[in-house]
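Asker: just the structure for this:
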Amino acid sequence: MTPEHLARLQKARAKLMPVALLTQLSDGTQHLFPEDAIPGALAEAAEKVLFEDKAANVTLDGEAWFIQPHNPPLRMIVVGAVHVAQTLAPMAAELGFAVTVIDPRRSFASEDRFGAVTLNHEWPDEAMEALAPDTRTAVVTLTHDPKLDDPALDVALRSKAFYIGALGSRRTHAKRVERLKELGHDDAALARIAAPVGLDIGAITAPEIALSILGQVVARRRGK
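Answerer: Next up, the predicted model:
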């Protein structure tokens, strides 16, 4: 890798920008996608590598390329240190997510209940603004309390988070939608919220609900 490409790659990673490094195997020519202009078929291959988060060897027009993804870390931001979160956090960590649980209620968001999980005791909107959800971030709100969930959803909807889910019944979500509309969110934005959160697997217990949420997060991430 040339010093120029290394510096550009480090800059992109510092900004949490997903980029792919393309190396032409015949002569070592390199490009950084999407910053550099490259042919359409090669760009499509780079997009696929970033989406799948897995390096690949690609041959196009007789030229062999090695494409390596440099994605920001996967993150999950969970608002509400409730029973579902106690199961969801370690399960998400097993899938490679760096998990942060936000809850200003210290009696809920305690090390005794969450162990080594990163805890944030700021108010949800302040915590979310600082965490700055990106295209590699899933946001899940679990408190049922509008004072906590709504500020977090407001920030999430203004971000590029690839998944936004909110616990609650359809009636609860209908009321939530009206409140978020008052904050300036339109129907297209509100449609990003998975609510009721999780896949419909008949989940009842906290671990089952956590499983349904993770299944939906993975499906959204993989485009299913």
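
Asker: helix, strand or coil: sort out Pro73 for me.
Answerer: With DSSP: H, G, I helix; E, B strand; the rest coil as the basis, the three-state label of Pro73 is coil.

Asker: tell me who's in contact with it.
Answerer: Going by CB atoms under 8 Å, 6 or more residues apart in numbering, Pro73 touches 98, 136. For the C-beta atoms, the positions are set from N, CA and C on the backbone; glycine is no exception.

Asker: show the pLDDT at it.
Answerer: With respect to pLDDT, Pro73 has a value of 88.

Asker: helix or strand right after the lengthiest strand in the chain?
Answerer: Looking across the chain with DSSP state E, the single longest strand is strand 63-70. Following strand 63-70 in sequence order, the next helix or strand is strand 75-79 (DSSP states H and E).

Asker: in the helix or strand just after that next one, what's buried?
Answerer: On the C-terminal side of strand 75-79, the closest following helix or strand by DSSP H and E is helix 83-94. Of the residues in helix 83-94, 83-89, 91-92 count as buried by neighbour count, 16 or more other CB atoms under 10 Å.

Asker: got it, and stretch 192-211?
Answerer: Residues of stretch 192-211 classed as buried: 192-199, 203, 206, 209-211 (neighbour count, 16+ other CB under 10 Å).

Asker: where exactly do the strands run in the chain?
Answerer: Along the chain, counting by DSSP E, strands occupy 19-24, 30-33, 56-60, 63-70, 75-79, 98-102, 118-120, 137-141, 163-166, 193-194.

Asker: and the longest one, how far out from the chain middle?
Answerer: Spelled out, that is strand 63-70. Offset of strand 63-70 from its chain centre (CA atoms, centre = their mean, to the nearest Å): 24 Å.

Asker: ok, the residue nearest to the spatial centre of the chain - contacts?
Answerer: Geometric centre of the chain, nearest residue: Thr137, 1.7 Å, by CA atoms, centre = their mean. For Thr137, the contact set (CB under 8 Å, 6+ apart) comprises 74-77, 131, 159-163.

Asker: against Leu60, how distant is it?
Answerer: Noted for Thr137: a distance of 32 Å to Leu60, by CB to CB, to the nearest Å.

Asker: repeat for Thr143
Answerer: On the measure of CB to CB, Thr143 and Leu60 end up 49 Å apart.

Asker: between those two, which is the more surrounded one?
Answerer: Comparing Thr143 with Leu60 by other CB atoms under 10 Å, the one with more neighbours is Thr143, at 24 against 12.

Asker: tell me the pLDDT at the nearest residue to that one once chain neighbours are set aside?
Answerer: Take Thr143 and drop its neighbours on the chain: the residue closest to it by CB to CB, 6 or more residues apart in numbering is Gly80, 3.6 Å away. pLDDT for Gly80: 97.

Asker: so what's the residue nearest to the centre of the chain bridging to?
Answerer: Beta bridges link Thr137 to Arg75 when assigned by DSSP bridges.

Asker: show the pLDDT at it.
Answerer: For Thr137, the model assigns a pLDDT of 96.

Asker: any figure for the gap between it and Lys147?
Answerer: Applying CB to CB, one obtains 22 Å for the distance of Thr137 from Lys147.

Asker: could you tell me which residues make contact with Arg13?
Answerer: 19, 70, 72.

Asker: just checking, the last one touches Leu16?
Answerer: Yes - taking contacts as CB atoms under 8 Å, Pro72 lies within contact range of Leu16: 4.1 Å.
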